[in-house]
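Chemist: test case, fold it:
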Amino acid sequence: MRIEHILKLARISLGNREKKELEEEFSSILNFVEKLKELEIKNVKPMTYPTDLKNILRKDGISQTENVSFRSQKLLDLAPQTKARSIKTKQIL
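Modeler: Sure thing, here's the model as predicted:
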């Protein structure tokens, strides 16, 4: 394997010992991939997730209760500066 070419593409400089270790690791990975290619997967169904668990999501919606409005106003009252029912902050960009 041409480890120098990969290192050049990644713009990484390594010592000889590190190059040797990386080359061994890459070889090990590629050997494993070759073993995986030998598997018979013709009758295996593709899967999206490793488990059958489903995520339970709630429906998005806007809450217009008095409690939310009261909390919003309380937050605005605590802010040092406000503008049009928004908290005014220093410009950061």
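
Chemist: low pLDDT regions in the protein?
Modeler: Applying pLDDT under 70 to the chain flags the ranges 1, 62-68.

Chemist: which residues of it fall in strands?
Modeler: Per DSSP state E, the chain carries strands over the ranges 82-83, 86-87.

Chemist: which one of the ones you listed lies nearest to Thr51?
Modeler: Of all those, it is strand 86-87 that lies closest to Thr51, at 41.9 Å by Cβ to Cβ. Where you see a C-beta, it was placed from the backbone N, CA and C, and this is true even at glycine.

Chemist: what pairs with that closest one, parallel or antiparallel?
Modeler: Strand pairing for strand 86-87, using DSSP bridges, gives strand 82-83 (antiparallel).

Chemist: what's next to the strand it pairs with, contact-wise?
Modeler: Residues from elsewhere that reach strand 82-83 (Cβ atoms under 8 Å, 6 or more residues apart in numbering): Leu76, Lys88.

Chemist: how about stretch 3-19?
Modeler: For stretch 3-19, the surrounding residues in contact (Cβ under 8 Å, 6+ apart) are Leu22, Glu23, Phe26.

Chemist: ok, which of the strands of the chain comes nearest Leu53?
Modeler: Evaluated over these, closeness to Leu53 peaks at strand 86-87, with 38.9 Å, by Cβ to Cβ.

Chemist: which residues touch the closest one?
Modeler: Residues outside strand 86-87 that contact it (Cβ under 8 Å, 6+ apart) are Leu75, Leu76, Ala79, Gln81.

Chemist: now do the residue nearest to the third one when sequence neighbours are not counted: how many residues are near it, please.
Modeler: With Cβ to Cβ, 6 or more residues apart in numbering as the criterion, Ala79 has its nearest non-adjacent residue at 4.3 Å, and that residue is Ile87. Taking other Cβ atoms under 10 Å as the criterion, the count of residues near Ile87 is 12.

Chemist: so can I have TSV of the strands of the chain showing distance to Arg58?
Modeler: TSV is the format used below for these (distance: least, Cβ to Cβ, whole Å):
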stretch	distance to Arg58
strand 82-83	30
strand 86-87	26
